[in-house]
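A.B. asks: sequence unavailable; structure follows:
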């Protein structure tokens, strides 16, 4: 019984970190390039990162995804891609980006794009949702995005939502500002967790 209670406590204190779908080829929007925080509070210009986790290739040659911002914010603004990156999309919110030089993957992670959101109101949540582009490269994958293997551009792999809505993106945001963030797991030490069972 104590083991079951311990598992439940870990699930409660972990917040959004345990909500992620820990399988290969995830994509999410984060406040850091280490893909730790996909939820925060604030106003004004906020630096954000579109990060791939669990990436299965050594390098990435490009990506595609649709990002929809819902709430009192403008963006993505001022996008920065890996070396030689160019966005070829023509529809609003869509990103079809090819990299001039394949971008390295380190420990299964790569940053597809850095950008800013301009948050104009911190009393109302701002969310970013991921979805597939109008003509997706992998129409039957159900994944909101895709990426190119940097070693072989004929290989296109799916990018699944890192926040739990694996099929199609859509109903679960990739990122939230000024909304319901989970409790930070780093606030509780192992000793504090163990003391709950004494």
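C.D. replies: Thanks, I have the structure now. Please read all numbers here as calculations on a predicted model, not as lab measurements.
A.B. asks: name the SS class of the residue nearest to the spatial centre of the chain, please.
C.D. replies: Most central residue of the chain, judged by C-alpha distance to the mean C-alpha position with C-alpha atoms, centre = their mean, is residue 28 at 0.6 Å. In three-state terms, and counting by DSSP: H, G, I helix; E, B strand; the rest coil, residue 28 is strand.
A.B. asks: can you give me the strands for this protein?
C.D. replies: For the chain, strands defined by DSSP state E occupy the ranges 26-30, 39-40, 44-53, 59-70, 73-80, 86-87, 94-104, 110-119, 126-131, 145-149, 152-161, 175-177.
A.B. asks: tell me the mean pLDDT over the third one?
C.D. replies: Averaged across strand 44-53, pLDDT comes to 97.
A.B. asks: what does the second one give?
C.D. replies: Strand 39-40 shows a mean pLDDT of 95.
A.B. asks: switch to numbering from 34
C.D. replies: Shifting the count to begin at 34 puts that one at strand 72-73.
A.B. asks: now for it, which elements pack on it?
C.D. replies: When contacts are defined as 3 or more C-beta pairs under 8 Å, 6 or more residues apart in numbering; DSSP states H and E, strand 72-73 sits against strand 208-210. Glycine gets a C-beta too; all of them are placed from N, C-alpha and C.
A.B. asks: low-confidence ranges in the protein?
C.D. replies: Residues of the chain that meet the criterion pLDDT under 70 lie in 34-56, 197-203, 215-231.
A.B. asks: wait, residue 152 sits on residue 159?
C.D. replies: Yes: under the criterion of C-beta atoms under 8 Å, residue 152 lies in contact with residue 159, with a separation of 5.7 Å.
A.B. asks: shared neighbours, the two?
C.D. replies: Common neighbours of residue 152 and residue 159 (criterion: C-beta atoms under 8 Å, 6 or more residues apart in numbering): 105, 106, 210, 211.
A.B. asks: quick one: which of residue 152 and residue 159 has more around it?
C.D. replies: Between residue 152 and residue 159, residue 159 has the larger neighbour count (other C-beta atoms under 10 Å), namely 26 against 23.
A.B. asks: what sits against the more buried one?
C.D. replies: The neighbours of residue 159, taking C-beta under 8 Å, 6+ apart as the test, are 102, 103, 104, 105, 106, 150, 152, 209, 210, 211, 212.
A.B. asks: and it, what are its bridge partners?
C.D. replies: Going by DSSP bridges, residue 159 is paired in beta bridges with residue 210.
A.B. asks: same thing with the one 4 residues further on?
C.D. replies: Partner residues in beta bridges with residue 163, using DSSP bridges, are residue 100.
A.B. asks: what is the neighbour count of it?
C.D. replies: Neighbour count for residue 163, taken as other C-beta under 10 Å: 28.
A.B. asks: before we move on, what about residue 170?
C.D. replies: For residue 170, the neighbour count with other C-beta under 10 Å is 18.
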